[in-house]
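Participant: just the structure for this:
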Amino acid sequence: MTDISISILKPLKLFIFHLFLFAPLFIGVSKIDISVSAQQNNKLSINSREQQHPTWISPSRNGLEVLKEFKKPETKYAAGHRGIDFPALSGDHIFAPTTGRVTFSGLVVDRPLITFQTNQNLLVTLEPVISELKPGDSVQRGELLGNVGSGAHCNNICVHLGIRENGEYINPLRFFISKPELLPLINPS
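Facilitator: Got it, this is the predicted structure:
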């Protein structure tokens, strides 16, 4: 190989590496395809790409638009935003982002909420959500949990989703974006 082809090949390999590393993040956030079935068992139908790469789905029909991001508090009792807010209006359907078992459904102070435990031992809370589900009920990914209520900081414009792992709040976004798949480079010689 000549020096010119080697000097072109190295940046090309680097570009391809970054393309495969970061493209799924951009595609995953802006292009997740969730089609709503015509009231078929009150579930969202999930396309084949989603089934092959099981990430969590948005709890609302508005996709993965985030109104307010997670902000980890500096200490356990400090101010922060212990979850993410998805756009949703009062009365909108809210769906299970993943599979789990309901641990709480009811009022806390001034807001209705539902909490369920996932198979990965995570506690997922959505508020304000009015639900008829009871503790012990199992929920499947895409299943209707309830409807947006009122109360809390969302003021009828969003639904808040928080996740606790071993008692600590963690950033929920990592469960909604699929991991990139790296493919081997093909030797051009």
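Participant: which residue ranges form the helices in the protein?
Facilitator: Using DSSP state H, the helices of the chain run over 3-30, 48-52.
Participant: so in this structure, where's the weakest helix or strand by average pLDDT?
Facilitator: When each helix and strand of the chain is scored by mean pLDDT, DSSP states H and E, strand 34-36 comes last, with a mean of 36.
Participant: rank the helices of the chain by pLDDT, which is bottom?
Facilitator: Among the helices of the chain, helix 48-52 carries the lowest mean pLDDT, at a mean of 39.
Participant: who touches Leu122 in this structure?
Facilitator: Ile163, Arg164, Glu165 (Cβ atoms under 8 Å, 6 or more residues apart in numbering). Every C-beta, even on glycine, is put in place using the N, C-alpha and C of the backbone.
Participant: at 6 Å what do you get?
Facilitator: The contact partners of Leu122, by Cβ atoms under 6 Å, 6 or more residues apart in numbering, come to Ile163, Glu165.
Participant: same thing with Val148?
Facilitator: Ala88, Ser90, Asp92, Val159.
Participant: now list the buried members of those residues.
Facilitator: Those of the contacts of Val148 that meet the buried threshold are Ala88, Asp92, Val159, by 16 or more other Cβ atoms under 10 Å.
Participant: no further questions, thank you.
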